[in-house]
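Student: Predicted model follows, preceded by the sequence.
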Amino acid sequence: EAQVTQNPRYLITVTGKKLTVTCSQNMNHEYMSWYRQDPGLGLRQIYYSMNVEVTDKGDVPEGYKVSRKEKRNFPLILESPSPNQTSLYFCASSLRDRDLGEQFFGPGTRLTVL
Amino acid sequence: DAKTTQPPSMDCAEGRAANLPCNHSTISGNEYVYWYRQIHSQGPQYIIHGLKNNETNEMASLIITEDRKSSTLILPHATLRDTAVYYCILRWGWVKAAGNKLTFGGGTRVLVKP
């Protein structure tokens, strides 16, 4: 089944404790992206990647890192999480840049930073 | 990308057609109309898109007016599982003009009632 998977789905952590949220897709998609969703603010893009080893900042990249060493994986790293990073996070992918209108989204990761 | 206007909420009866309007009076000639939906706290799901002609797939139909200033998403036989927030998004067909993300507005919160 074609899908985008994220792990963990739920995470409660404390300020400053490094964490990684994994994202994997099995559709051989070139483009991958991370969004966060907060009440009243909608979905905002954190980082995106057009292909392996090609990443770039989105609208709200502060406090986050990403890497794209393999086509299928695009982990989101929070080196020193803070409470303002409490949010619902979504990973998304699409076949290539010209197909960005049709994105497949993962199920989401709900992160709480205490 | 041009702005879209959607009603904040609407109800519809289970089994009936749900007609979701979207106004995009400043749409440009090469902007496509995309529809997504997000069931509570799940990842957004692509539904359908079109440029000028009406489109239909297994999920829905998209009707675009001749002047392209508005469109309607039709769910032919709404079920309780169609309760979600529906987003109408415009996106350029040119890759560079389109940018590297999807921009979600407020959407329409659709409640399907038994």
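Tutor: Thanks, I have it.

Student: Chain neighbours aside, what residue packs nearest to residue B:61?
Tutor: residue B:74 (4.4 Å; C-beta to C-beta, 6 or more residues apart in numbering or on different chains). No exception for glycine: its C-beta is placed from N, CA and C like everyone else's.

Student: What of residue A:6?
Tutor: Of all residues not flanking residue A:6 in the chain, residue A:106 sits nearest, at 4.1 Å (C-beta to C-beta, 6+ apart).

Student: How about residue B:43?
Tutor: residue A:105 (3.1 Å).

Student: Contact partners for the one you found?
Tutor: By C-beta atoms under 8 Å, 6 or more residues apart in numbering or on different chains, the contact set of residue A:105 is A:4, A:90, A:91, A:92, B:43, B:44, B:45.

Student: Look up how far chain B lies from the residue most central in space within chain A.
Tutor: Taking C-alpha atoms, centre = their mean, the centroid of chain A lies closest to residue A:34, which sits 3.0 Å from it. Distance, residue A:34 to chain B, by C-beta to the nearest C-beta, to the nearest Å: 10 Å.

Student: the helices in chain B, which residues?
Tutor: B:95-98 (DSSP state H).

Student: quick one: is stretch A:90-104 near chain B?
Tutor: Yes - contact between stretch A:90-104 and chain B, assessed by C-beta under 8 Å from any C-beta of the partner chain, occurs at A:90, A:92, A:97, A:98, A:100, A:101, A:102, A:103, A:104.

Student: Among these, which are located in strands?
Tutor: Among the residues of stretch A:90-104 next to chain B, DSSP state E puts A:90, A:92, A:104 in strands.

Student: Where does the closest residue in space to the first one that isn't next to it in sequence sit: helix, strand or coil?
Tutor: What it means is residue A:90. Excluding its sequence neighbours, the residue lying closest to residue A:90 (C-beta to C-beta, 6+ apart) is residue A:35, at 4.7 Å. Going by DSSP: H, G, I helix; E, B strand; the rest coil, the secondary structure assigned to residue A:35 is strand.
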